[in-house]
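1. One predicted model, sequence on top.
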Amino acid sequence: MTGQQDRDPAQSLEELWAGQFGRAYIERNRVLDERRAAFWSGLLGDFGIRSVLEVGCGQGANLRPIARVLDAHDVWGIDINGDALAIARLQAPGVNVVASRARQLPFRDGLVDLAFTVGVLIHQPETSLATVISEIVRCSRRFVLWAEYYAEATEEVPYRGESGALFRRDYGRIYRGLFPDLTVRREGFLAPEDGFDRVTWQLLEKP
């Protein structure tokens, strides 16, 4: 980012999202899309998932429909932005939301059936991506899901005047490169009519 090239890229992005840049994102996305509920209710039911952790939960766009299917006490979310967490608590009463950075999750191994991201890995620099993925896998006892912007080869996308802030990648390949025992159980594409922002997704199962 401008004027911050000598700083740790992951820390710089965390500070960016924790501050006014992150608050502006919240304002742009304050209205949560109810159409996401169909995806989550189907997935959770089909695979018998009873507890989840969302890394980068924002203001609760996924936690809210999930908490309508599962017991709210079995639904967890972390985010770096305190304003987002305050809104998430209102949108999904009873869920466990915690202020934390993605590369050092404050949870025990195998906390939940499913740990996932939606549009969060795209904002991780190369220096921290493997660490974040490893933390997500560590906190899941069975499933991991990614829903992100896809590209066959990693490509940076300019994002609201910031460099090094958004990357399209083959996240399935990266996950399985780090954890070869992961198995693809389901995959697809989620479009605006599904309530999502044109993301490719995969559900991966641990051995």
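-> Happy to help now that I have it. Fair warning: this is a prediction, and the values are worked out from it, not measured in the lab.
2. which ones are touching Ala72?
-> Ala92, Pro93, Gly94, Val95 (Cβ atoms under 8 Å, 6 or more residues apart in numbering). Every residue, glycine included, has its C-beta placed from N, CA and C.
3. could you redo the last one with a cut-off of 6 Å?
-> Gly94, Val95 (Cβ atoms under 6 Å, 6 or more residues apart in numbering).
4. Next one: it, what pLDDT does it get?
-> Ala72 carries a pLDDT score of 97 in this model.
5. Could you do the one 10 residues further on as well?
-> Per-residue confidence (pLDDT) for Gly82: 95.
6. Run a quick neighbour tally on it.
-> 12 (other Cβ atoms under 10 Å).
7. Go through stretch 80-93 and flag the buried ones.
-> With burial defined by 16 or more other Cβ atoms under 10 Å, the residues of stretch 80-93 counted as buried are Ile80, Asn81, Asp83, Ala84, Leu85, Ile87, Ala88, Arg89, Gln91, Ala92.
8. want to throw the residues you listed into JSON lines with distance to Tyr25 and secondary structure?
-> Below are the buried residues of stretch 80-93 laid out as JSON lines (distance: Cβ to Cβ, whole Å; DSSP: H, G, I helix; E, B strand; the rest coil):
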{"residue": "Ile80", "distance to Tyr25": "11", "secondary structure": "coil"}
{"residue": "Asn81", "distance to Tyr25": "8", "secondary structure": "coil"}
{"residue": "Asp83", "distance to Tyr25": "10", "secondary structure": "helix"}
{"residue": "Ala84", "distance to Tyr25": "8", "secondary structure": "helix"}
{"residue": "Leu85", "distance to Tyr25": "14", "secondary structure": "helix"}
{"residue": "Ile87", "distance to Tyr25": "12", "secondary structure": "helix"}
{"residue": "Ala88", "distance to Tyr25": "14", "secondary structure": "helix"}
{"residue": "Arg89", "distance to Tyr25": "18", "secondary structure": "helix"}
{"residue": "Gln91", "distance to Tyr25": "16", "secondary structure": "helix"}
{"residue": "Ala92", "distance to Tyr25": "18", "secondary structure": "coil"}
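9. Name the helix or strand of this structure that has the lowest mean pLDDT.
-> helix 20-28 (a mean of 90; mean pLDDT, DSSP states H and E).
10. Tell me which residues are up against it.
-> By Cβ under 6 Å, 6+ apart, the residues outside helix 20-28 that reach it are Gln59, Asn81, Asp83, Ala84.
11. Output the contacting helices and strands for the longest helix anywhere in the chain.
-> In the chain, assigned by DSSP state H, the helix with the most residues is helix 126-139. Secondary-structure packing of helix 126-139 (3 or more Cβ pairs under 6 Å, 6 or more residues apart in numbering; DSSP states H and E): helix 9-18.
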